[in-house]
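Undergrad: Fold the stuff below for me.
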Amino acid sequence: MASGKPKKRPTQLGGFKTERKALQLVRGLYAAGAVLVTAVDLYSNAKGESFCDRLVVELPKDLKRRAAIRQVCQQLRSADGGAVSPKFDLGERRLCLLLV
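TA: Next up is the predicted model:
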């Protein structure tokens, strides 16, 4: 018997066609050394589907890990045209990854 509750759909991350591809990005950021990856600015359409086009990545202090995280972001930018802010490592605690 059906419970009557509507099935909750996962939030679509950027232009990723599948949840698996989106998870690969997030896991790649953590594997590279990200301290925390947070989806921000979630929004919904008229159908109630949720979307997110922006991630905030908390960076470690270690320079090699910071560079590895930026490399993951660069691969995404090259493939999908996303953007990273700031463009260069300025010693910031967080960076913003815009997904398209």
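
Undergrad: make it CA atoms for all contacts and neighbour counts henceforth
TA: OK.

Undergrad: pretty sure residue 35 is in contact with residue 61, am I right?
TA: No. Using C-alpha atoms under 8 Å, residue 35 is not in contact with residue 61; the gap is 9.6 Å.

Undergrad: Give the partner strands of the worst-scoring helix or strand of the chain on mean pLDDT in its sheet and their orientations.
TA: Between all helices and strands in the chain, the lowest mean by mean pLDDT, DSSP states H and E belongs to strand 12-13, at a mean of 84. Each strand that pairs with strand 12-13, with its direction, by DSSP bridges: strand 50-52 (parallel).

Undergrad: Just the terminal-to-terminal distance for stretch 90-100.
TA: 24 Å (C-alpha to C-alpha, to the nearest Å).

Undergrad: now it, how far from the chain's geometric center?
TA: Stretch 90-100 sits 10 Å away from the centroid of its parent chain (C-alpha atoms, centre = their mean, to the nearest Å).

Undergrad: With stretch 88-100 instead?
TA: 11 Å.

Undergrad: Could I get the buried residue list for that stretch?
TA: Across stretch 88-100, burial judged by 16 or more other C-alpha atoms under 10 Å covers 94-100.

Undergrad: Low-confidence bits of this protein, can you list those?
TA: Applying pLDDT under 70 to the chain flags the ranges 1-10, 78-81.

Undergrad: what's the burial count for residue 53?
TA: Using other C-alpha atoms under 10 Å, residue 53 has 18 other residues around it.

Undergrad: Okay, it and residue 63: tell me how far apart.
TA: 27 Å.
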